[in-house]
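In: quick one, structure for this:
(chains A, B, C and D)
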Protein chains: 2
Amino acid sequence: MMSSMTAPEHPLRRDAARNVERVKAAAIDVFREVGLQAPLEEIARRAGVSVGTIYNRFGSREALIDAVVPDVAAAKLDAVRRTAMEGPDEWERLARYLEGLCALQAEDPALSDVIARAYPDGATALARVCSASIDHAATLIDEAHTAGVLRARFTAADLPALLIANRALVGAPQLDPEAWRRMLDIVLDGLRADFGRRPRRGR
Amino acid sequence: MMSSMTAPEHPLRRDAARNVERVKAAAIDVFREVGLQAPLEEIARRAGVSVGTIYNRFGSREALIDAVVPDVAAAKLDAVRRTAMEGPDEWERLARYLEGLCALQAEDPALSDVIARAYPDGATALARVCSASIDHAATLIDEAHTAGVLRARFTAADLPALLIANRALVGAPQLDPEAWRRMLDIVLDGLRADFGRRPRRGR
DNA sequence: ACGGAACTTGAGGTATAGTTCAGGTTCTAC
DNA sequence: GTAGAACCTGAACTATACCTCAAGTTCCGT
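Out: Okay, here's the model as predicted:
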């Protein structure tokens, strides 16, 4: 259950504390369903409080996101990380990590936004969680380069593009829900070190 | 210059005709600058008329788009097609066509929407132009398959995903303006027929 | 040069969503 | 049991953008 560690500024009145929990729970649900830009009205409705209460308790959407998303995100990102690290070699670990991130995006709009860094600037706790994930990916990328299994031109700086692109795919209602996976397979093939391929770029 | 062939229903009054042209010109500009979801108010402002006039003359945003975008889109798509057809072989023609489409998306938000099929359903003339382009791509894909230079699993059905993903890249202000090109290079490498690559998918 | 059809205007109504705050309610310490 | 702080509510205001229509303006044939 894990007590939600928001510093006990001045002990909240009991009803207020209860509302905070209700709002958090509702926020998690709604964010998961529609993404981080979900209307606060909907969260309030779901929590059985008025919007005013959300502003009273959290101050802003950013703060609500920052109070609610980092824990969830960290847990899921960590699960992906752990799974990926079971890969037998540098390539497989990187590939599984990227695949894990993309799969997370496909199954959870909130995480899709998080992973593509589509969240308000003020969410600093969330930014921290995100950085950790990116750092980890950067490490995997380095290791893959060192092992010579990753195309040389691909760097950690190209990661956001991959995740932003995938966010568009998983969020496109017109596409087959598995479309992202086919694209990712193509990208992963493109990412492997070039086994005697002539470089493109005729002009 | 090419007279804009909108059937002369009942000959428009001179001032009205002039406004139609102004609105069209403004719409082309604004769509190019911000995409097909541009506020009609902005187009009206730019044309020096009121929104009412746009509705009077075109009836809806869809109709305005359909009156203005297909010509422009057809011309640009055709240019890309022609350039691509100069490629020396099946692969090069396909690669250049895809690259051309993506480059169009990068330089023109309106076309980015068109190419990713992000326009209202009612724009039937535009849909026709789009279909032509997709048909052409499908042909290039077929030919590449026949020539054995394209990974077997990639079909014309995967095209929209590529273009939707690229739209996200060219529209992401946080990314390097050349990021889409690096991703595309990776994808193109992934698209080439597998020269003795072990297939992925360990699990 | 004028009458009426054609055209334009822009304010107003709709809808979505954010954000605030005066006033009413509820809790809790005493 | 009650005072008063803490809390909550929801209407009100802001902003964006769509779409409409009554009233006013412009054009053009005669």
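In: switch to C-alpha atoms for all contacts and neighbour counts from now on
Out: Will do.
In: buried residues, the host helix or strand of A:Ser131. List them.
Out: A:Ser131 belongs to helix A:124-147 when elements are defined using DSSP states H and E. Going by neighbour count (16 or more other C-alpha atoms under 10 Å in any protein chain shown), the buried part of helix A:124-147 is A:124-127, A:129-130, A:133-134, A:136-138, A:140-145.
In: packing partners of that helix?
Out: Packing partners of helix A:124-147 (3 or more C-alpha pairs under 8 Å, 6 or more residues apart in numbering or on different chains; DSSP states H and E): helix A:61-85, helix A:90-107, helix A:109-115.
In: distance to A:Tyr55 and mean neighbour count added to those helices, as CSV?
Out: As requested, the helices and strands packed on helix A:124-147 are exported to CSV (distance: least, C-alpha to C-alpha, whole Å; neighbours: other C-alpha atoms under 10 Å in any protein chain shown):
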stretch, distance to A:Tyr55, mean neighbour count
helix A:61-85, 8, 18
helix A:90-107, 28, 22
helix A:109-115, 20, 25
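In: and those helices as JSON lines, adding distance to DNA strand C and mean pLDDT?
Out: Formatted as JSON lines, the helices and strands packed on helix A:124-147 follow (distance: least, C-alpha to the nearest atom of the strand, whole Å; pLDDT from 0 to 100):
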{"stretch": "helix A:61-85", "distance to DNA strand C": "5", "mean pLDDT": "97"}
{"stretch": "helix A:90-107", "distance to DNA strand C": "21", "mean pLDDT": "98"}
{"stretch": "helix A:109-115", "distance to DNA strand C": "14", "mean pLDDT": "98"}
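In: of all the ones you listed, which one is nearest B:Ala26?
Out: When the helices and strands packed on helix A:124-147 are compared by C-alpha to C-alpha, helix A:109-115 sits nearest B:Ala26, at 34.2 Å.
In: identify each buried residue in stretch A:11-22, please.
Out: Neighbour counts over stretch A:11-22 (16+ other C-alpha under 10 Å) mark A:Asn19, A:Val20, A:Arg22 as buried.
In: tell me the predicted confidence for the second one.
Out: Which is A:Val20. Here, the pLDDT recorded for A:Val20 equals 98.
In: check A:Leu12 too.
Out: pLDDT, A:Leu12: 87.
In: mind checking which helix or strand it is in?
Out: Applying DSSP H and E as the criterion places A:Leu12 outside every helix and strand.
In: could you check how far the residue nearest the centre of chain A is from A:Arg96?
Out: Centroid-nearest residue in chain A, with C-alpha atoms, centre = their mean: A:Ile115, separated by 2.9 Å. Relative to A:Arg96, A:Ile115 is positioned 15 Å away (C-alpha to C-alpha, to the nearest Å).
In: again, but for A:Ala125
Out: 26 Å.
In: can you list the residues of chain A near DNA strand D?
Out: Within chain A, the positions lying close to DNA strand D (C-alpha under 7 Å from any atom of the strand) are A:11-13, A:15-17, A:19-20, A:48-53, A:56-57.
In: tell me which of these fall in helices.
Out: A:Asp15, A:Ala16, A:Ala17, A:Asn19, A:Val20, A:Val51, A:Gly52, A:Thr53, A:Asn56, A:Arg57 (DSSP state H).
In: what about dumping the CA coordinates of the helix or strand A:Ala44 falls within to CSV?
Out: Assigning secondary structure by DSSP H and E places A:Ala44 in helix A:40-47. Listed next in CSV are the C-alpha coordinates belonging to helix A:40-47 (Å, rounded to 0.1, in the frame of the first residue of the first chain):
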residue,chain,number,x,y,z
LEU,A,40,-9.6,18.6,-14.0
GLU,A,41,-13.3,18.8,-13.9
GLU,A,42,-13.5,15.1,-14.8
ILE,A,43,-11.0,14.2,-12.0
ALA,A,44,-13.1,16.3,-9.5
ARG,A,45,-16.3,14.6,-10.6
ARG,A,46,-14.7,11.2,-10.3
ALA,A,47,-13.4,12.0,-6.8
